[in-house]
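> When you get a sec, could you give me coordinates for this:
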Amino acid sequence: MSEEKELSFYEKLSALISELKTPKSQRNNFGKYNYRSAEDILEAVKPLANKYGLVPKLTDGIVLIGDRYYVEARAIITDGKNTEQASGFAREPESKKGMDESQITGTASSYARKYAMNGLYQIDDTKDADTDEYKQQVDSSKPARIDSTKAKVLRAKVKELSILAGLKTGTEITPEAMYEKLSDTKFLSIVPIEKLDTEQFMTIDRYIKELEKAYSKK
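I've put the predicted structure just below:
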C-alpha cells in the first residue's frame, strides 16, 4: 500500500481556505443586517488550522504615518518552518463618544485584525456593513483634501529638497520640477499640491524624508 503524500505548507493553507466557512453570525438589530467579527473568523480558522497542523497567530502594533497613529495588525499562519501573513490597518479616531482611550484602541485593533485575516484567508468582506467597522472602512476610503496650511508646509519642504538636491548633484532643479518628479514617481501623474488628499500628502511627505536622507549621505 502506498503511503499518503504529505501536503506542502501551501497545499495545507489552500485546503484551509477552501474549507473555511465564516458565516455572519453577528446581528445589528438597529440596521437589521448580519455581519462577521474578527473573533468569528478566528474561531472558524482554529479547527481547520489544527486539522492541517498549522498555527494561526495575530499581532498588533502602533505605527506613526504622517501625523496620525494607526493600529497595524498582522494575521499569521505557520507550520513551524513556513509562514504566510497579511496586514490590516485602522486609524484611531481622535475621539469617540462613550468610549475611553483603551476602548477606542480596542475597536481599531478589532477592525485591523479582521481585515488582516480577510486578506490572509481570502475572505471577501466588501459588502459587510458591520456597524462602526463599515463606516470606518467607507470613511477611510475617501480621505479628505489637505488644507492650505498643509499645502504651504509641503511647498516649503519641496523647496528645501530642491535646494539640497542641487547642492549634492551640481544640477539646479526648481521646486516645481522637483515636485513634478515626486508626484509622477509616486502617483504616475502630476497631482497639484492643493488637490492632494491626506493619504497622498503623507506619501509625498515620507518620500521627501527618504530623499533627504539619501542626499545627506552623498
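
> how about low-confidence regions in the protein?
Along the chain, the parts satisfying pLDDT under 70 run over 1-4, 28, 30-33, 92-106, 125-143, 218.

> And it, what are its domain boundaries?
As recorded under automatic domain parsing, the domains making up the chain are 9-140, 148-217.

> In three-state terms, label the residue sitting nearest the centre point of the chain for me.
Nearest to the mean C-alpha position of the chain, counting by CA atoms, centre = their mean, stands F89 at 3.7 Å. Three-state call for F89 (DSSP: H, G, I helix; E, B strand; the rest coil): strand.

> can you tell me the helix or strand for the residue lying closest to it once chain neighbours are set aside?
In this structure, F89 finds its nearest non-sequential neighbour in Y70, 5.0 Å apart by CB to CB, 6 or more residues apart in numbering. C-beta here means a position set from N, CA and C on the backbone, and glycine is covered the same way. Element membership for Y70, per DSSP states H and E: strand 68-78.

> Show me what that strand is packed up against.
With contacts taken as 3 or more CB pairs under 8 Å, 6 or more residues apart in numbering; DSSP states H and E, strand 68-78 sits against strand 55-65, strand 83-91, helix 101-121.

> For the strand or helix carrying K152, list every residue counted as buried.
Taking DSSP H and E as the criterion, K152 maps to helix 148-169. Going by neighbour count (16 or more other CB atoms under 10 Å), the buried part of helix 148-169 is 150-151, 154, 157-158, 161-162, 164-165.

> Would you pull up how far stretch 57-71 lies from the middle of the chain?
Put simply, stretch 57-71 sits 9 Å off its chain's centre (CA atoms, centre = their mean, to the nearest Å).

> What residues sit buried inside that stretch?
58, 60, 70-71.

> re the thing from before, just so I know, which of the helices and strands packed on strand 68-78 lies nearest E39?
Nearest of the helices and strands packed on strand 68-78 to E39, taken as CB to CB: helix 101-121 at 8.1 Å.

> Appreciated, that's everything.
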